[in-house]
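Participant: heads up, no residue letters with this:
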């Protein structure tokens, strides 16, 4: 699913064009079909719809078809195909779906499909916060802001002589009030594995 015919789309068995920014709308339509048909995990459906208080009727395939141009029967077929493979199906969002003012909502809708079919925390599915590949930690949760603030204090106090980063930009990813950017001026050597 994409608003352009990318290399990934060219490699796919099937490509569905959607107008830019409507990827999440299509994902919610797929979720609506899965939930209405009882094709997914009932507990996940209850959680994702706040116990049934959130009505996905506005995302029925006929409604979404009018807004995306994708045939309603095609939406149903893709939803049923996705659900029929259970935890072996996987929905991944990013790229253009995230590059809009509604990007967070798009990605939330896309990744929620994984909960509906039970592919979260399963081999081949979505696994959050895996253990570090080098086995250096037994922690399963990410660092708290207190730990980041403690690190910033250590940096400012001259206790950190070398800072190594990989796959992250803490200056961009942390709130400015943590003070990470200013604290880097007190670290003599910074190395990025990017």
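Facilitator: Nice, I can see it. All figures in this text were calculated on a predicted structure; none of them were measured in a lab. Residues are numbered from 1 along each chain as shown.
Participant: Can you name the residues in contact with the helix or strand bottoming out on mean pLDDT in the chain?
Facilitator: Within the chain, no helix or strand scores below helix 170-173, which has a mean of 82 by mean pLDDT, DSSP states H and E. Outside helix 170-173, the residues that touch it by CB atoms under 8 Å, 6 or more residues apart in numbering are 148, 180-181, 184. Glycine gets a C-beta too; all of them are placed from N, C-alpha and C.
Participant: Need those in a markdown table (columns: distance to residue 166, neighbour count and pLDDT).
Facilitator: Supplementary listing: these in a markdown table, determined by distance: CB to CB, whole Å; neighbours: other CB atoms under 10 Å; pLDDT from 0 to 100:
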| residue | distance to residue 166 | neighbour count | pLDDT |
| --- | --- | --- | --- |
| 148 | 17 | 17 | 85 |
| 180 | 16 | 19 | 93 |
| 181 | 18 | 13 | 92 |
| 184 | 16 | 16 | 94 |
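Participant: rewinding a little: name the next helix or strand downstream of the least confident helix or strand of the chain, please.
Facilitator: helix 180-183 (DSSP states H and E).
Participant: helices and strands around that next one, which ones?
Facilitator: Applying 3 or more CB pairs under 8 Å, 6 or more residues apart in numbering; DSSP states H and E, we find helix 180-183 packed against helix 145-156, helix 170-173.
Participant: quick revisit: and the least confident helix or strand of the chain, what's buried?
Facilitator: residue 170 (16 or more other CB atoms under 10 Å).
Participant: same check, this time on stretch 5-18
Facilitator: Under the neighbour-count criterion of 16+ other CB under 10 Å, stretch 5-18 has 16, 18 buried.
Participant: which residues does residue 90 contact?
Facilitator: 114, 119, 124-126.
Participant: part of a strand, is it?
Facilitator: No: according to DSSP: H, G, I helix; E, B strand; the rest coil, the state of residue 90 is coil, so it is not within a strand.
Participant: where's it relative to residue 56, distance?
Facilitator: 21 Å (CB to CB, to the nearest Å).
Participant: what does residue 157 give?
Facilitator: From residue 157 across to residue 56, the span is 52 Å (CB to CB).
Participant: Kindly report the same for residue 14.
Facilitator: Counting by CB to CB - residue 14 and residue 56 are separated by 23 Å.
Participant: Which residues outside stretch 113-128 are in contact with it?
Facilitator: 27, 30-31, 34-35, 40-41, 44-45, 47-48, 82-83, 85-91, 111.
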